[in-house]
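Trainee: Need a 3D model of the sequence below.
(one chain, ligands or ions: 1)
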Amino acid sequence: MPVQLFEGKDHAAAYLQYRVAPHELISRIMSFMEKGKSNRFNFAVDVGCGSGQGTVLLAPYFTKVVGTDISQAQLEMAQTNSKPPNVSYRQSPAEELPFANSEVDLVTAMTAAHWFDRQKFLVEADRVLKPGGCLALLSYTMNMGLEYEDKSEALNDICKEFYAALLPFRDPYLGTDSGKIYSDMFESCSYPDKEWNESFHVKKTLPLDSYIGMVQTFSSFQKLLKKDPEEARRLSDDIRTKLLSAMKVSSPETEVTVVIKYFYWLARKP
Ligand SMILES: C[S@@+](CC[C@H](N)C(=O)[O-])C[C@H]1O[C@@H](n2cnc3c(N)ncnc32)[C@H](O)[C@@H]1O
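Mentor: You can find the predicted model right below:
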């Protein structure tokens, strides 16, 4: 697995700065958990936590939350982020979690499970989950949309150009369709109480340059950056110029709404 992609300190810092945390999805996960017997939860583990934006969202619902990641650089960044006192971080592979059998109420992986050895991770999540505990895997597609006044369609054509230019740099481990990775994992999960949702949109209004910054955190952009930094810069500058021109504004600080297209699945261990 190409996890070294996440070891760059600048990349980890960009994660913390630009990645949008899926607040709305956390309440979906909690409603699913509360449908079970208990509504008091002790322990959540966020696997592949990166710089911890998703991990901290779990803090209000659990006595203890631990974010785990294989990347030291990401975890160092998570430590610099403000965190509630019940959140901590540990370095560990997703396939060998440092927890006892049947100890955990919720295992999440947010935009991370596609990088794991997926079958080993599912076995490991099953090992650490309590009976009645839940597994929540969520991720989003690369084709984020943009909304701005009546110009959204034109902006989305330019975004598609951006994503198409990055496609050749997508890691072969991911194949062409992350949705398929998650639906295969969903199918292979034997828990009878499970649900799949393939279209949950999270919207966030932010400066145009933060949208560009977010795409630059994608592993495909990072690969291009490593291979040909000049081309990576040219591509970002070109897309920024085209977007500004379609918006008929000059400042990259102009706010746009980014539409992030999530899919997720939830399952309860019997
Ligand atoms: C795309 S980032 C997502 C980070 C964070 N969950 C978020 O939502 O922004 C994927 C993370 O998974 C981690 N990762 C990849 N493979 C891993 C593995 N086998 N075990 C643990 N972490 C892994 C990477 O280091 C990276 O921090």
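Trainee: for the chain, what helix or strand is lowest in average pLDDT?
Mentor: Lowest on mean pLDDT, DSSP states H and E among the helices and strands of the chain sits helix 9-18, with a mean of 79.
Trainee: After that one, which helix or strand is next?
Mentor: helix 23-34 (DSSP states H and E).
Trainee: so how far is that next one off the chain centroid?
Mentor: Centre-to-centre, helix 23-34 and its host chain are 16 Å apart (CA atoms, centre = their mean, to the nearest Å).
Trainee: Now the helix or strand just after it: buried residues?
Mentor: For helix 23-34, the succeeding helix or strand toward the C-terminus, using DSSP H and E, is strand 41-47. Within strand 41-47, the residues scored as buried using 16 or more other CB atoms under 10 Å are 41, 43, 44, 45, 46, 47. For the C-beta atoms, the positions are set from N, CA and C on the backbone; glycine is no exception.
Trainee: Which residue is the nearest non-sequential neighbour of the fifth one?
Mentor: With CB to CB, 6 or more residues apart in numbering as the criterion, residue 46 has its nearest non-adjacent residue at 4.2 Å, and that residue is residue 55.
Trainee: Near that neighbour, how many other residues are there?
Mentor: 29 (other CB atoms under 10 Å).
Trainee: what's near enough to touch it?
Mentor: 46, 49, 65, 67, 78, 83, 87, 89 (CB atoms under 8 Å, 6 or more residues apart in numbering).
Trainee: Could I get the pLDDT score of the closest residue to the ligand within the chain?
Mentor: The ligand sits closest to residue 50 of the chain, with a gap of 2.5 Å, by CB to the nearest ligand atom. Here the pLDDT value assigned to residue 50 is 95.
Trainee: element containing the closest residue to it other than its chain neighbours, please.
Mentor: Take residue 50 and drop its neighbours on the chain: the residue closest to it by CB to CB, 6+ apart is residue 74, 4.7 Å away. Following DSSP H and E, one finds residue 74 within helix 72-80.
Trainee: ditto for residue 85
Mentor: For residue 85, there is no host helix or strand (DSSP H and E).
Trainee: so residue 132, which of the three states?
Mentor: Put simply, residue 132 is strand when judged by DSSP: H, G, I helix; E, B strand; the rest coil.
Trainee: can I assume it is in contact with residue 193?
Mentor: No: judged on CB atoms under 8 Å, residue 132 makes no contact with residue 193 at a distance of 9.7 Å.
Trainee: Quick check: neighbours shared by these two?
Mentor: Here residue 132 and residue 193 have residue 268 as joint contacts, going by CB under 8 Å, 6+ apart.
Trainee: For the spatially most central residue of the chain, grab phi and psi.
Mentor: The residue lying closest to the centre of the chain (CA atoms, centre = their mean) is residue 111, at 2.8 Å. Main-chain dihedrals, residue 111, degrees, to the nearest 10: phi 50, psi 40.
Trainee: Against residue 122, how distant is it?
Mentor: Using CB to CB, to the nearest Å, residue 111 is found at 17 Å from residue 122.
Trainee: ranges for the helices of the stretch 151-270 of the chain?
Mentor: Secondary structure of the stretch 151-270 of the chain (DSSP state H, counting those that start in this stretch): helices located at 152-166, 178-188, 208-216, 219-227, 229-247.
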